[in-house]
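Enquirer: sequence unknown, structure follows:
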C-alpha cells in the first residue's frame, strides 16, 4: 500500500506539474489569441477607415472632375460664341470695304450687258476657305485657285502676307500660319 501510495503521489505530482505547465501554456495561448483579436480589430478599423477615405476621395474627385468638365464646357461655349461674333464682324467689314467687283465697278465703267461666266466669290468666302483648310487639314492647307477667285482679291492676300503661294504650283495658295 505504501508503495502504491508513493507511486500515486508521484503520479499526482507529475500530473499536477503537467497541469501547471498546461495552464501556463493555456494562459500564453489565450494572451496570444487576445493580441491577435486586437490586431484583427485594429486592422478591420483601419480597413474601414481607408475604404471610407477612398469613397470620399472618389466622390470629391468625381465632383471635381464634373466641375472641371462643366467649367471647360462653359469656356468652350464662350469661345465659340466669341469666334462667331468675330466671324460676323469680319464678314460685315469685308462686305462693306471689299464688295464683289460687279457692285464696285458698275459706276466706274460702262455698264455691260455681259454676265461673267463664273460667279465670283467674296473675299470673306475666300478667307473662310483658307481658314477652314488650315484648321481642318493642317498637313495640306493649300486650296486650288479657280476662275471663281477674283484675281485682285488673291493678289491683295498675297501682297499683304495673308496668303502664300505653293512653292511648286502657283495655282495653289494657303493661309499664312500666324499662330505658329
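Expert: In hand now; what should we look at? Keep in mind that what you see is a predicted model, and the values were worked out from it rather than measured. Numbering: from 1, shown residues only.
Enquirer: just checking, next helix/strand downstream of the helix or strand bottoming out on mean pLDDT in the chain?
Expert: Every helix and strand in the chain was compared by mean pLDDT, DSSP states H and E; the lowest is helix 101-105, with a mean of 57. Remark: after helix 101-105, the chain's next helix or strand is helix 123-136, criterion DSSP states H and E.
Enquirer: and that following helix, which residues are buried?
Expert: Residues 123-124, 126-127, 130, 133-134 are the ones in helix 123-136 that count as buried (16 or more other CB atoms under 10 Å). All C-beta spots, glycine's among them, are computed from the backbone N, C-alpha and C.
Enquirer: which of these sits closest to residue 16?
Expert: residue 134 (101.1 Å; CB to CB).
Enquirer: ok, and for stretch 80-99, which residues are buried?
Expert: Buried, per 16+ other CB under 10 Å, within stretch 80-99: 91, 94, 98.
Enquirer: what's in contact with that stretch?
Expert: The contact list for stretch 80-99 (CB atoms under 8 Å, 6 or more residues apart in numbering) reads 122-124, 127, 153.
Enquirer: okay, the angle between the longest helix anywhere in the chain and helix 123-136?
Expert: Assignment by DSSP state H gives helix 2-97 as the longest helix of the chain. Interaxial angle, helix 2-97 versus helix 123-136 (axes from the mean of the first three to the mean of the last three CA atoms, to 10 degrees): 160 degrees.
Enquirer: quick one, phi/psi of the spatially closest residue to residue 166 that is not a sequence neighbour?
Expert: Setting aside the residues directly before and after it, residue 166 is nearest to residue 172 in space (CB to CB, 6 or more residues apart in numbering), at 3.9 Å. The phi/psi pair for residue 172 (degrees, to the nearest 10) reads phi -120, psi 140.
Enquirer: how near is residue 172 to residue 132?
Expert: From residue 172 across to residue 132, the span is 15 Å (CB to CB, to the nearest Å).
Enquirer: then residue 77?
Expert: Residue 77 sits 21 Å away from residue 132 when distances are taken as CB to CB.
Enquirer: so where is the chain shaky, pLDDT-wise?
Expert: For the chain, applying pLDDT under 70 flags the ranges 102-116, 179-180.
Enquirer: okay, domains of it per the record?
Expert: Recorded structural domains for the chain (assignment: the TED database) are 1-70, 118-179.
Enquirer: and those domains, which is most packed in?
Expert: Ranked by mean neighbour count, these are led by domain 118-179 with a mean of 14 (mean count of other CB atoms under 10 Å).
Enquirer: ok now that domain, how far from the chain's centre?
Expert: 32 Å (CA atoms, centre = their mean, to the nearest Å).
Enquirer: same question for stretch 13-27.
Expert: Worked out by CA atoms, centre = their mean, stretch 13-27 lies 72 Å from the chain centre.
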